[in-house]
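Enquirer: please find the sequence and the predicted model below.
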Amino acid sequence: MLLQDSFQIIETACKELSSQPRLHIATRDWNISVNRFLDQELPNTSFNINKFSKLLNSDLQDVYRHIHPQAWNFSWSNGQVATRIDHIWMSRALTEYALSFEFYNSDLITNSDHKILVAHINVTDAIPNNWSHSLQTPITLAEKEHK
């Protein structure tokens, strides 16, 4: 699938009206970096933020950059160049629930030159009525203070 097609599909899904609030998470090998200074080992003159405008205008946020605003880490390398071209984007409404973001080498698992991305997003309280059909109930603030 072409990159522009992916952007269009995501934008359409995010703008789709629904009677229930929707949260979105989009991930893929985008093959371009967002920030030419922070997302590339050797900064270059390309400026790709405009290519991500459909995601930004759809109220999505780069999970890695949210958690690590100034960090320098890469998801792909060919041995000469390293860049962060693999991303996970999420609805801004989820940003307070994003707990961590890590890169793991995959060469022994998948024989890929891309790293594995893992974002920990705790959506338990973000999903309406999440606890209504569960035997577990969330711990209240009073219970936390009592412990």
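Expert: Happy to help now that I have it.
Enquirer: quick one: residue 40 from residue 108, how far?
Expert: Distance, residue 40 to residue 108, using Cβ to Cβ, to the nearest Å: 25 Å. For every residue, glycine as well, the C-beta is placed using N, CA and C.
Enquirer: neighbour count winner among those two?
Expert: Neighbour totals were compared for residue 40 and residue 108, and residue 40 leads with 18 against 6 (other Cβ atoms under 10 Å).
Enquirer: which residues touch the closest residue to the more buried one other than its chain neighbours?
Expert: Of all residues not flanking residue 40 in the chain, residue 83 sits nearest, at 4.6 Å (Cβ to Cβ, 6 or more residues apart in numbering). If you count contacts by Cβ atoms under 8 Å, 6 or more residues apart in numbering, residue 83 has them with 33, 39-41, 74-77.
Enquirer: off-centre distance for stretch 51-58?
Expert: Centre-to-centre, stretch 51-58 and its host chain are 13 Å apart (Cα atoms, centre = their mean, to the nearest Å).
Enquirer: do a quick rundown of the helices in the protein.
Expert: Ranges of helices in the chain, per DSSP state H, are 3-15, 53-57, 63-67, 141-146.
Enquirer: hey, which of those is tucked in deepest?
Expert: helix 63-67 (a mean of 20; mean count of other Cβ atoms under 10 Å).
Enquirer: for that helix, name the packing helices and strands.
Expert: strand 86-91, strand 98-104, strand 116-121 (3 or more Cβ pairs under 8 Å, 6 or more residues apart in numbering; DSSP states H and E).
Enquirer: so of the ones you listed, which one's packed in deepest?
Expert: Highest mean neighbour count among the helices and strands packed on helix 63-67 (mean count of other Cβ under 10 Å): strand 86-91, with a mean of 22.
Enquirer: let's test this: mean pLDDT of stretch 69-80, rounded?
Expert: Stretch 69-80 shows a mean pLDDT of 92 in the predicted model.
Enquirer: and the end-to-end length of it?
Expert: From its first residue to its last, stretch 69-80 covers 25 Å (Cα to Cα, to the nearest Å).
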